[in-house]
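S.K.: Have a look; sequence and predicted model below, questions after that.
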Amino acid sequence: MISPRRPLACRARQPLEAPVVVICALTSAAALAWLYLLALHGGYWLTGQRLPPAAGTPAGLPAVVAVVPARNEADMLPQSLPGLLGQDYPGALTVIVVDDDSDDGTADVAATTGKQAGWPVVMKGNGRQATSRPQPMPGSRALIVIAARPAPAGWAGKVWAMSEGVQAATAEGAQYILFTDADIAMSPSTLTTLVNAATGHRLALVSQMALLRTSTLAERLLVPAFVYFFAQLYPFRRVSRPTSRTAAAAGGCMLFRADALAAAGGVAAIRDARIDDVALGTLVKRSGGRCWLGLSTDVISLRPYEKVADVWHMVARSAYTQLGYSPAALAGTLAALAWLYLLPPLAGLAGVVALAAGANTAVSVWLAAAGLTGWLLMTITYAPMLRLYRLSLLRAPTLPLVAGLYAAMTADSARRHYRGRGGE
């Protein structure tokens, strides 16, 4: 134990003191890092990044084509597709469901859902007889269900399905292309709001992070943190700032100006991407297109994650891809997560226990103060996300535990990759 009379300098007079001094220094650095994240990291932890208002409704609303890649989504489409078909958008709207080699009747379910909504339905591909329809006019509606051709070598499966949808959207005369997922439900005004923001602010990409489900214990524990970590990696305000190099998008809701997407190289430019939304956002922003990314309570994911294992699989299948399959990046990420999220509460509690045990030393005070300060700051940054998801703020101090679980998922993602199961 270090004597209380010894000065608080980090000069170890005995070899055993060196590790303690290093821990004190690392804990203090973590607290300073949290101060930076709170004050200077693009306000990533705030949840007020919402669509910018547009001045009125522009004349001559553009034709929009929504592309929905769907693989074995027969159970999900009857829940989500009616929201897309029920948009109050005054301009021409075509919805294209791309059946990505499903074996559960996804195409037929999509067609039935469209007919129940009163939409004209066109079936194309896979031996079905295509029917013709007039050129889209303002207010016109059509649902097209196409069967994706087999993906060429070098293409990620979903990206190929998106490419098939873009090809069909181009044939339909799309001026804007909305990419959404088969589990996404939208309020009736969503598309009108997106288009008004895009046209009113001359944006090449408008993307909204869907509100994810928090119905089960696993979802309440892990889902808000998933969005929190995404925002920490890609602060929405920085993504939306033209002068910032930070670029991303949220795949559940991405509205692209069709000519901007084509000028950036199109979907083919990211053909091998496993994380297609971030890749597309980066592609468009790097080409000079103005982008916007924010949160929404009108775009909702219906995808259930009943167990921790379900979220674990979602993260583990792509986390190592995000790190570029680099062992060095993996080691650095795991070390950074341990330092930033786990060290402050552990050091803070160790310092408190030492003080309670009567070890009233400078080192004990230092550990308790630095550790608890870092823990408090990370708790403050997590609270707005919990409030967005209408969960108790008492969950905020558990962020270190959740971060530890995500670190384990990241390590498991690397394990899967080296066992030949990555990106499945």
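M.R.: Arrived safely.

S.K.: all helices of the stretch 251-400 of the chain, in order?
M.R.: In the stretch 251-400 of the chain, helices defined by DSSP state H, counting those that start in this stretch lie at 258-263, 276-286, 308-316, 319-322, 327-337, 343-356, 362-388, 399-418, listed in chain order.

S.K.: Where among these is average confidence lowest?
M.R.: Among the helices of the stretch 251-400 of the chain, helix 319-322 has the lowest mean pLDDT, at a mean of 89.

S.K.: So, low pLDDT: which residues of the stretch 51-200 of the chain?
M.R.: 55-59, 126-138 (pLDDT under 70).

S.K.: change it to 90
M.R.: Residue ranges of the stretch 51-200 of the chain with pLDDT under 90: 52-61, 124-140, 157.

S.K.: can you give me the strands for it?
M.R.: Under the criterion DSSP state E, counting those that start in this stretch, the stretch 51-200 of the chain contains strands at 64-70, 93-99, 121-124, 141-147, 176-180, 184-186.

S.K.: wait, which of the ones you listed is closest to residue 383?
M.R.: Among these, strand 184-186 comes nearest to residue 383, with 26.7 Å by CB to CB. In this view, the C-beta of every residue, glycine as well, is placed from N, C-alpha and C.

S.K.: in that closest one, what counts as buried?
M.R.: 184-186 (16 or more other CB atoms under 10 Å).

S.K.: same deal with stretch 62-78?
M.R.: 62-71, 73-74, 76-77.

S.K.: cool, and stretch 227-236?
M.R.: Quick answer for stretch 227-236 (16+ other CB under 10 Å): 227-232, 234-236.

S.K.: where's residue 305 relative to residue 217, distance?
M.R.: 10 Å (CB to CB, to the nearest Å).

S.K.: Which of those two has more residues huddled nearby?
M.R.: Neighbours per residue (other CB atoms under 10 Å) separate residue 305 from residue 217, with residue 305 holding more: 22 against 11.

S.K.: Tell me which of the helices of the stretch 251-400 of the chain sits most buried.
M.R.: helix 276-286 (a mean of 22; mean count of other CB atoms under 10 Å).

S.K.: and the angle for the longest strand along the chain with helix 276-286?
M.R.: As assigned by DSSP state E, the longest strand anywhere in the chain is strand 291-301. Note on geometry: by axes from the mean of the first three to the mean of the last three CA atoms, to 10 degrees, strand 291-301 and helix 276-286 are set 160 degrees apart in direction.

S.K.: neighbouring strands for strand 291-301, and are they parallel or not?
M.R.: strand 184-186 (antiparallel), strand 205-211 (parallel) (DSSP bridges).

S.K.: wait, which of those is closest to residue 195?
M.R.: strand 205-211 (8.4 Å).

S.K.: Run the chain-centre distance for the closest one.
M.R.: 9 Å (CA atoms, centre = their mean, to the nearest Å).

S.K.: pLDDT on the first helix or strand past that strand going along the chain, on average?
M.R.: Next helix or strand after strand 205-211 toward the C-terminus (DSSP states H and E): helix 217-233. The average pLDDT for helix 217-233 rounds to 97.

S.K.: Contact partners for residue 406?
M.R.: Contact partners of residue 406, counting by CB atoms under 8 Å, 6 or more residues apart in numbering, are 222, 225-226, 229, 315, 337.

S.K.: Would you mind measuring from it to residue 333?
M.R.: Residue 406 is 10 Å from residue 333, by CB to CB.

S.K.: can you check residue 196 too?
M.R.: With CB to CB as the criterion, residue 196 and residue 333 are 39 Å apart.

S.K.: for residue 229, same thing?
M.R.: 11 Å.

S.K.: Any idea how far apart the tips of stretch 292-312 sit?
M.R.: 29 Å (CA to CA, to the nearest Å).
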